[in-house]
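[1] Structural data only, the sequence is not supplied:
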């Protein structure tokens, strides 16, 4: 019973944060409500016994990734988003379709499945056991993941830096008459 | 004791909210956050099924999903910065050419 109350409380906080993310029009508010969603999801993981996953969720997701998002929003000075014709059509068609689909899936899951129940702290995810799995059974995916991270770092650096080499839409035309002639002849000054 | 299907329904609701945000939002950063919301919903069902089947590898998969999400966030936000430098807008309706 206690477990059910805790589950419903944190689930309600989670869904409220997700809905608030959709309703808010300023990206900063959306990002903050996404942090609420992630923190209450960490509490749900704790209820399932996955304590290490909950800690990593708070540190990596609610910490690192969301700080990255907030820094980008502040760096680009993102303001309120404006509604367009396309977004109105998407709202008109998308909201009913997605709600109907979600209700169907929820109905099937609740009434037509016999999955049983989960107790409080059903599977204790000890860091020791997780480390044994991660460094023995999943060693190859773990190493491939490190290569993925390396490539992501390099890609982020290349994409976000050197604005003069990447981000300039058109080359600047030569200024003086003499320079234009030289450029037409294909010579350097 | 909570039925496993409740956890799956919560995970489905989060995923549906992510899909909805992806459809109706026009700010490219908010669209990106909706993708993170979808990944979080999937993570919850991973952990719930791990508890149901008593298999710890479900929790290990959550770490892989988190790593992929972190890499995706780094690259995606770099792309957003590059797009903003050339277009000076974050509205996806005005970003309709693939080239920078």
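    It's in. The structure displayed is predicted, hence computed values, not measured ones.

[2] ok, now which ones touch the closest residue in space to residue A:65 that isn't next to it in sequence?
    In this structure, residue A:65 finds its nearest non-sequential neighbour in residue B:73, 5.0 Å apart by Cβ to Cβ, 6 or more residues apart in numbering or on different chains. From N, CA and C alone the C-beta is placed, and that goes for glycine too. Contact partners of residue B:73, counting by Cβ atoms under 8 Å, 6 or more residues apart in numbering or on different chains, are A:65, A:68-69, B:32, B:36.

[3] Would you format the residues you listed as TSV with pLDDT included?
    TSV is the format used below for these (pLDDT from 0 to 100):
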residue	pLDDT
A:65	92
A:68	91
A:69	92
B:32	92
B:36	94
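
[4] In helices, which of those appear?
    A:68-69, B:32, B:36 (DSSP state H).

[5] export the contacts of residue B:73 to a markdown table and tack on distance to residue A:84 and neighbour count?
    Listed next are these as a markdown table, based on distance: Cβ to Cβ, whole Å; neighbours: other Cβ atoms under 10 Å in any protein chain shown:
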| residue | distance to residue A:84 | neighbour count |
| --- | --- | --- |
| A:65 | 28 | 22 |
| A:68 | 27 | 16 |
| A:69 | 23 | 24 |
| B:32 | 18 | 21 |
| B:36 | 23 | 24 |
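
[6] which secondary element of chain B has the worst mean pLDDT?
    When each helix and strand of chain B is scored by mean pLDDT, DSSP states H and E, strand B:2-3 comes last, with a mean of 85.

[7] Chain A too?
    For chain A, judged by mean pLDDT, DSSP H and E, that is helix A:163-166, with a mean of 58.

[8] what does stretch B:41-48 contact?
    Residues from elsewhere that reach stretch B:41-48 (Cβ under 8 Å, 6+ apart): A:41, A:44-45, A:48, A:50, A:53, A:57, A:118, B:4, B:7-8, B:10-15, B:17-18, B:58-59, B:61-62, B:65-66.

[9] And stretch B:1-15, how far out from the chain middle?
    17 Å (Cα atoms, centre = their mean, to the nearest Å).

[10] Break chain A down into its domains, please.
    Domains of chain A are assigned by automatic domain parsing as A:2-125, A:138-189.

[11] Out of those domains, which is the most enclosed?
    domain A:2-125 (a mean of 17; mean count of other Cβ atoms under 10 Å in any protein chain shown).

[12] Noted, bye for now.
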